[in-house]
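In: With the sequence up front, the predicted model follows.
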Amino acid sequence: MATWHLMFQKPAFESAQLRHVVDSLKAAGNFGGFPLQSATYTRDTADLAMSI
């Protein structure tokens, strides 16, 4: 199992956009063909992170 951390710099991306990405990944169940066990929105700071 691998953990991917995707980082998005603000203000280019808003929290709502990243929550949509997480919801879409959960619905798809995979990331580029790799099966997902979980997708989470990690934090909302100057830098946003998403773990998949």
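Out: That came through, no problem. Residues are numbered from 1 along each chain as shown.
In: From here on, just use CA atoms for contacts and neighbour counts.
Out: OK.
In: ok, residues contacting stretch 19-27?
Out: Taking contacts as Cα atoms under 8 Å, 6 or more residues apart in numbering, the residues outside stretch 19-27 that touch it are F31, L36, S38, A39, T40, Y41, M50.
In: which regions of this protein sit below the pLDDT cut-off?
Out: When residues are selected by pLDDT under 70, those of the chain lie in 1, 10, 44-52.
In: all strands of it, in order?
Out: Along the chain, the stretches classed as strands by DSSP state E are 5-9, 30-31, 34-35, 40-44, 47-51.
In: okay, the fourth one in CSV with CA atoms only?
Out: Translated: strand 40-44. Extracted in CSV, the C-alpha atoms of strand 40-44 (Å, rounded to 0.1, in the frame of the first residue of the first chain):
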residue,chain,number,x,y,z
THR,A,40,-9.2,12.5,3.0
TYR,A,41,-8.9,16.2,3.2
THR,A,42,-6.1,16.8,5.6
ARG,A,43,-6.0,20.4,6.5
ASP,A,44,-6.9,24.0,5.6
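In: how far does it sit from the chain's center?
Out: Relative to the chain's own centre, strand 40-44 is displaced by 8 Å; criterion: Cα atoms, centre = their mean, to the nearest Å.
In: before we move on, what about the second one?
Out: For strand 30-31, the distance from its own C-alpha centre to the chain's C-alpha centre is 11 Å (Cα atoms, centre = their mean).
In: Can you list the strands that that strand pairs with?
Out: According to DSSP bridges, strand 30-31 forms sheet pairs with strand 34-35 (antiparallel).
In: Right, I'll call it a day here.
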